[in-house]
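Colleague: Have a look; sequence and predicted model below, questions after that.
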Amino acid sequence: MKAIGQRVNLIPIISKADSLTDDELQMNKEIIKKSIEDNHINVYDFVGLDPGQLDNSEDEEESTYLQLLQETYPFSIISSAGTDNEGVKYRSTPWGNINIEDHEICNFTLLKNVLLGSHVQEFKDQTIRNQYEAFRIEQLLDKSVVN
C-alpha cells in the first residue's frame, strides 16, 4: 500500500462488513487507521483537498460532509447479490436479505457518491497535481542520470 499510494489515490475499504459485529468493525477501522498512520501510507485526504478549504468554506454543509468522509474511512462495504423487484440492491444471507444501500449498516452509497459524483473532479485534479507530477519528475531524473 505504501508503494502504490505514491502512484494512485488510495481509499481504504473493509469488504464483507456483514461478517463483522459493530464492535469488530469499529475495532478493525481503528486498527487500519493506526496502521496507515504508523506506516506513513498516503491515503486520499478528503479534508485536505485544498489547504484551508474548511476554514475558507462558507458552506457549513460541505464542511460537515468532508469531515464525515474523513471520519468514516475505511469505508465498510457489503457486496450485492442482486436487486429485488423495487430495484434495491441486497445481499442474501441465511437469516434474510441485507439492503446494501442502507447507510446505517453499509457505506456503499456514500462511497458510490464519492467515487462517481462529488469527488470525481478532485480525484482527477489531485492525481494530476500530485501523483502524475511526482512520477514525471522521477522519470525525468532517472533519464538525466542515465544520460
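Modeller: The structure has been received and is ready for your questions. Residues are numbered from 1 along each chain as shown.
Colleague: could you point out which element follows the helix or strand where Asp125 lies?
Modeller: Using DSSP states H and E, Asp125 sits within helix 120-126. For helix 120-126, the succeeding helix or strand toward the C-terminus, using DSSP H and E, is helix 133-146.
Colleague: what's the offset of that next one from the middle of its chain?
Modeller: 29 Å (C-alpha atoms, centre = their mean, to the nearest Å).
Colleague: Can you pull out the residues in contact with that helix?
Modeller: Helix 133-146 has contacts (C-beta atoms under 8 Å, 6 or more residues apart in numbering) with Gln6, Arg7. The way it works is simple: take the backbone N, C-alpha and C, and place the C-beta from them, glycine included.
Colleague: tell me the mean pLDDT for that helix?
Modeller: Taken as a whole, helix 133-146 has a mean pLDDT of 77.
Colleague: and if you look at stretch 13-28?
Modeller: Here the average pLDDT along stretch 13-28 is 90.
Colleague: Alpha carbons of it, in PDB - could you do that?
Modeller: Output in PDB follows, covering the C-alpha atoms of stretch 13-28 (Å, rounded to 0.1, in the frame of the first residue of the first chain):
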ATOM      1  CA  ILE A  13     -12.300  -0.200   2.300                       C
ATOM      2  CA  ILE A  14     -13.300  -3.100   4.500                       C
ATOM      3  CA  SER A  15     -15.200  -5.600   2.400                       C
ATOM      4  CA  LYS A  16     -17.700  -8.200   3.700                       C
ATOM      5  CA  ALA A  17     -18.600  -5.900   6.600                       C
ATOM      6  CA  ASP A  18     -21.600  -8.000   7.200                       C
ATOM      7  CA  SER A  19     -19.400 -10.700   8.600                       C
ATOM      8  CA  LEU A  20     -18.300  -8.400  11.500                       C
ATOM      9  CA  THR A  21     -20.200  -7.300  14.500                       C
ATOM     10  CA  ASP A  22     -20.400  -3.500  15.100                       C
ATOM     11  CA  ASP A  23     -17.700  -3.700  17.700                       C
ATOM     12  CA  GLU A  24     -15.400  -5.800  15.500                       C
ATOM     13  CA  LEU A  25     -16.000  -3.400  12.600                       C
ATOM     14  CA  GLN A  26     -15.100  -0.300  14.800                       C
ATOM     15  CA  MET A  27     -12.000  -2.100  16.100                       C
ATOM     16  CA  ASN A  28     -10.900  -3.000  12.600                       C
END
